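For reference, the sequence and a predicted model appear below.
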Amino acid sequence: MSQEVRVPTLGESVSEATVATWFKKVGDAVAADEMLCELETDKVTVEVPAPSAGTLAEIVAPEGTTVGSMPCWRRFPRAARPPPRPPRNSQRAPRPRRQPTRAR
């Protein structure tokens, strides 16, 4: 399953930005919240973090591309989840009983 990366809100009067720099290439591993790229506007430069961990599968908007409210401009599959734990053994060895202590 892939995770979409969307253009973040750029500001009230800003409707589009230019992809300035990609920090990752297709096939690179990406950690959650790791910076993926920088977007530049005439007013601000915005760093775009990864929403989750995974591997970069596709760059839809290469450097120099103007992006706006596009539904998706990059995808990467989520990291594989660890395998489920095996069920607990229902035939555990019985616990030794505590010996009652005598009051002195």
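Noted; the coordinates are in hand. These numbers come from a predicted model, not from an experiment.

Just give me the neighbour total for C37.
Residues within reach of C37, counting by other C-beta atoms under 10 Å, total 22. For the C-beta atoms, the positions are set from N, CA and C on the backbone; glycine is no exception.

Excluding sequence neighbours, find me the nearest residue to it.
W22 (4.7 Å; C-beta to C-beta, 6 or more residues apart in numbering).

Tell me who's in contact with that neighbour.
Neighbour list for W22: 36-37, 59, 62-63 [criterion: C-beta atoms under 8 Å, 6 or more residues apart in numbering].

quick one: the nearest residue to A29 once chain neighbours are set aside and Q3, what's the gap?
Nearest residue to A29 in three dimensions, chain neighbours excluded: T55, at 5.6 Å (C-beta to C-beta, 6+ apart). Distance, T55 to Q3, using C-beta to C-beta, to the nearest Å: 11 Å.

Check V30 too.
10 Å.

These two: which has the busier surroundings?
V30 (22 against 19).
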